[in-house]
Structure formats: C-alpha cells, structure tokens
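What follows is a protein structure lacking sequence information:
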Ligand SMILES: Cc1cc2nc3c(=O)[nH]c(=O)nc-3n(C[C@H](O)[C@H](O)[C@H](O)COP(=O)(O)OP(=O)(O)OC[C@H]3O[C@@H](n4cnc5c(N)ncnc54)[C@H](O)[C@@H]3O)c2cc1C
Ligand code: FES
Ligand code: FES
C-alpha cells in the first residue's frame, strides 16, 4: 500500500492539493473528507444510489467509483460549483418549490443528474426522464415530486412559466 | 506516483512492462467497488481512461466489420453509428447499470472482469468477436470463445492490455435481452443474444454457465427447421427456446435458481428468434 501521495485536482475550476492520501481513495471520499466539499453524498459506495454524482469532463458519473488520484487531468464539477455565487439554480429552485426534497440526502445527486439531462435534452419525454434518473435512488419522495420538478424546469426554460 | 497515467497504447504497454503488478483501471465501475470494500488493495494503478486511441471506433466497410476501442463507454454505444452497426450491442449497453455507470463503464472493463453476467459478452460470443490485445511483445488477436475461459477468468496475459474488439456488421437481425428483478441497475439472472450471421442463426447465453455458452443444438435445429430466418413461426421459435434451455448449465445462487434461469432462457431465446433488429 502506498501512502503519502501528493496530487492536485481541479474542482469547479479551482486547483486543490491533496496530500497524505492513499491511492485507492475514491473521489467522493477526497471531496468530502479532504477538500471540504461535502455536497456530494455517499450512501452505497458501489455506484448504485447516485447520491455522489459529479461531472468528470462533462460526463455525469458516480464519484465513489472514480479513483481520486486518477482524475488529476480532468475537470471535476460538483454540486457546490453549479452556481458559484451560492444562489440556487433553476433545477434546485424547482426541487424546493415542487417539494421534491424530503430528507435531502439524494438531492445533490439528483440535481446533478437533472442538470446533465436537461443540458443534453431540453424537452425529454417521460421515459427519457425516468431513464436518465434511474441511477439516482430516493427513499423518501416516491419520485412524483422529482418528476414534477423536472417538468417545471422544462416549462420555465421554454418560457411557458416564470 | 503510483497512479500511472498513459496517453497512448504504446505508453500503456511500456508502463505495464515496467510495472507488472500494476492494476489496470478504465471506467472503474468494477475495480472501485472492490477497492471501496477492501477486496482489492492495488499498490499501483495503470490508468487507461486518458488514452484517446482506446476511445475510438471505426467501421471497415470492405470487411463489413466494426472495431470498437476498449475504452469506449457504454453511453457511446447506445445510439448513433455503433448502435446502427451492432444493434444487439447497443441493446446490451443500454441495460448496463444506470446512466452514471454507462458514462464510465467500458467493454474493455467488461472483458477484463469477464463475469458470466457481463452484458456485452453474449453479444461478443454470438457475433464471434475478435479481442485485440497489446503488449511490449506486439499485438495479438483472440476469438471471444478462447478469451473467456471461466467465471471471471480470461486468457489475457499479465502484461497485455485489451485494446479493442472487432465485430461483424451483419446487416441482418440480431438482438439482446436479459432478465433481472427490475429494469435499471440490475445484474442479469439470465441473458441471451440472438444473431443471424452469414445466414446462420446463433444464440449465446449469459449467467447460465461458467462462461458464455453457445446453444449449438438450438442453432443447428433452427438452421435445419427453416430456410426463412426472417419469418420464424411461433412453433419453431418455441422449440428453439426449449432446446436452448437444455443447453444452459445454470446454478442456484443469491440472484436466482437454476430452474428459473433455464425457464428464462427458454423465453428469451424464443422471443429473440422472432424479434431482433436488423443492423
Ligand atoms: C452499480 C453498478 C451496476 C452495474 N451493472 C452492470 C450491468 O448491468 N451489466 C454489466 O455487464 N456490468 C455491470 N456492472 C459492472 C461494470 O460496470 C462493467 O463490468 C463495466 O464494463 C466495467 O468497465 P470499467 O471500464 O468500469 O472497468 P474497470 O472497473 O476499470 O475494470 C474492470 C476490470 O477489467 C480490467 N481492465 C479494464 N480495462 C482493461 C483493459 N483495457 N485491458 C485489460 N484489463 C482491463 C481491470 O483491471 C479490472 O480488473 C455494474 C457495476 C456497477 C457499479
Ligand atoms: S455513493 Fe456513489 S453511487 Fe452511491
Ligand atoms: S429525499 Fe430522502 S432520499 Fe430522496
């Protein structure tokens, strides 16, 4: 086992230095425990729940399955970086107004997954929404309010609602 | 730095020759689960994710083949030109895990792990794919049937990396289906790929044996039962499924029972024989 590793990660456009890490540490662990970015949540650490979803070079992936030290050449974006000034994005706003948040544990991952979906597809069908969010597990809401939040963002972005 | 990042295939094979104990990392969707749960403690890691060559694919129209780099993520196989050339592969790719898993996971990793439940593997078996391996000693190709040699066992040598897979573009019907407890995020309980290649039916079965199994008796039955493979009667399809299920060698485990798996193969095989998408 190797220890005393030093490397840098670019997260939300900022370089962060990591030291004294073991190479097997996941990006999720490093974000939360070493870089003070606890927005990404860890529930399963095996890729099943999606609560740790981040963007690596634009792809939405589970940060628990990314070896942190392997991401040194990548652009990492986390929920903290969505709106750098700390205000809510339209997706976060819709989660609040539509009641898509109960305990909130799944929310950061879902917000990332919804942003990713709507960046690629501005008018997804019901099936496309369900498929796009199938990697994010929510134990509380029953998903109805989450789908309502997605619909709301789609409508607002189309200018149908304000 | 014990995470060794390669940017070309030759750099990767050189790193592996110098660090024979390095663990190969691609999408990480298999490896990191093992690391997170302390089943594996790599001392050094060779990262392939940043090798652009491994993320390329190309169609050879004179040979009627497609070669897909080992680092192409599933997400890139689900739609577009790869899906049009090998629809069964696209169908298999779409069943893998979730969008997050498909954005990271690769066929190279599926082959590296070589689980009998690996979703691309029945497709590679039915289409008799060729696996490309590279090392400091040069390149070699291995037919899929000789690549997977047991559950989670393959014939890759320690100092080789899997670089690509070549598949025929058949221009004929093919399809992949799997049975699991739900639609998303499920490891198959039984799976099958049906394809017509050179006017011959082929059926490969996953999760029902130590390796991917070819249903050779069922294939032979179907080839003899009809000359019109585009219009297989329900009766012939049923018998095809029944024969295939006798060729499965399933076991009872935490995911299902042998009996259910054999039944699932019967249903999958007979359905695929009449469905399937033309490539
Ligand atoms: C939540 C979840 C759901 C999943 N669902 C499915 C599913 O439905 N179907 C399915 O088939 N799989 C599933 N998997 C397993 C996994 O996603 C696949 O096996 C995937 O193809 C692995 O690819 P990877 O690039 O992530 O591999 P990695 O984890 O990077 O590597 C896997 C193994 O292959 C070796 N390896 C990787 N690339 C190469 C190479 N180029 N040359 C030599 N060796 C190599 C590695 O050393 C390692 O041993 C799931 C995994 C998770 C976490
Ligand atoms: S913690 Fe990463 S998917 Fe659950
Ligand atoms: S709100 Fe509690 S898990 Fe989704």
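In hand now; what should we look at? Computed from a predicted structure; not experimentally measured. Ligands and ions are numbered 1, 2, ... in the order given.

rest of the way, CA atoms for contacts and neighbours
OK.

low-scoring stretches of chain B, by residue?
The model of chain B has pLDDT under 70 over residues B:1, B:276-279.

so what are the domain limits for it?
In terms of domains, chain B is parsed into B:3-168, B:174-275 (source: automatic domain parsing).

so how far does the shortest one reach from one end to the other?
End-to-end distance of domain B:174-275 (CA to CA, to the nearest Å): 8 Å.

and that domain, anywhere near ligand 2?
No: Domain B:174-275 stays clear of ligand 2 (CA under 6 Å from any ligand atom), getting no nearer than 11.0 Å.

does ligand 1 sit close to that domain?
Yes: for domain B:174-275, a contact with ligand 1 is found by CA under 6 Å from any ligand atom, at B:185-187.

Same list (those residues) but as JSON lines, adding neighbour count, distance to residue B:212 and secondary structure.
Listed next are these as JSON lines, based on neighbours: other CA atoms under 10 Å in any protein chain shown; distance: CA to CA, whole Å; DSSP: H, G, I helix; E, B strand; the rest coil:
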{"residue": "B:185", "neighbour count": "19", "distance to residue B:212": "21", "secondary structure": "coil"}
{"residue": "B:186", "neighbour count": "16", "distance to residue B:212": "18", "secondary structure": "coil"}
{"residue": "B:187", "neighbour count": "21", "distance to residue B:212": "15", "secondary structure": "coil"}
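
Columns distance to residue A:119 on top of the domains of chain B, output as CSV?
As requested, these are exported to CSV (distance: least, CA to CA, whole Å):
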stretch, distance to residue A:119
domain B:3-168, 15
domain B:174-275, 22
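
Distance-wise, check residue A:35 relative to chain B.
Residue A:35 sits 19 Å away from chain B, going by CA to the nearest CA, to the nearest Å.

Counting neighbours, what do you get for that residue?
By other CA atoms under 10 Å in any protein chain shown, the residues close to residue A:35 number 14.

can you check residue A:120 too?
10.

How about residue B:224?
Residue B:224: 10 neighbours (other CA under 10 Å).

Same question for residue B:259.
Neighbourhood size, residue B:259 [other CA under 10 Å]: 12.

that's a helix at it, yeah?
Yes: under DSSP: H, G, I helix; E, B strand; the rest coil, residue B:259 sits within a helix.

need the contact list for it.
Contact partners of residue B:259, counting by CA atoms under 8 Å, 6 or more residues apart in numbering or on different chains, are residue B:250.

One more: residue A:53?
Residue A:53 is in contact with A:40, A:60-63, A:78, A:108-110, A:112-113, B:100, counting by CA under 8 Å, 6+ apart.

One more pass at 6 Å, please.
Each residue near residue A:53 by CA atoms under 6 Å, 6 or more residues apart in numbering or on different chains is listed here: A:61-63, A:109.

again with residue B:47
B:4-5, B:25.

Save those residues as JSON lines, and put in distance to ligand 1 too.
Below are those laid out as JSON lines (distance: CA to the nearest ligand atom, whole Å):
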{"residue": "B:4", "distance to ligand 1": "13"}
{"residue": "B:5", "distance to ligand 1": "13"}
{"residue": "B:25", "distance to ligand 1": "4"}
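
burial measure for residue 134, as a count.
Because you didn't say which chain, this covers chain A. When neighbours are defined as other CA under 10 Å, residue A:134 has 21 of them.

switch to chain B, that's the one I care about
Look at residue B:134: counted by other CA under 10 Å, it has 21 neighbours.

part of a strand, is it?
Yes: according to three-state DSSP, residue B:134 belongs to a strand.

who in chain B is up against chain A?
Taking CA under 6 Å from any CA of the partner chain as the criterion, chain B approaches chain A at residues B:28-29, B:32-33, B:43, B:98, B:100.

So residue A:121 versus ligand 1, what's the distance?
Taking CA to the nearest ligand atom, to the nearest Å as the measure, residue A:121 and ligand 1 are separated by 24 Å.

Repeat that for residue B:150.
According to CA to the nearest ligand atom, residue B:150 stands 15 Å off from ligand 1.

so what's that residue up against?
Neighbours of residue B:150 in contact, by CA under 6 Å, 6+ apart: B:210-211.
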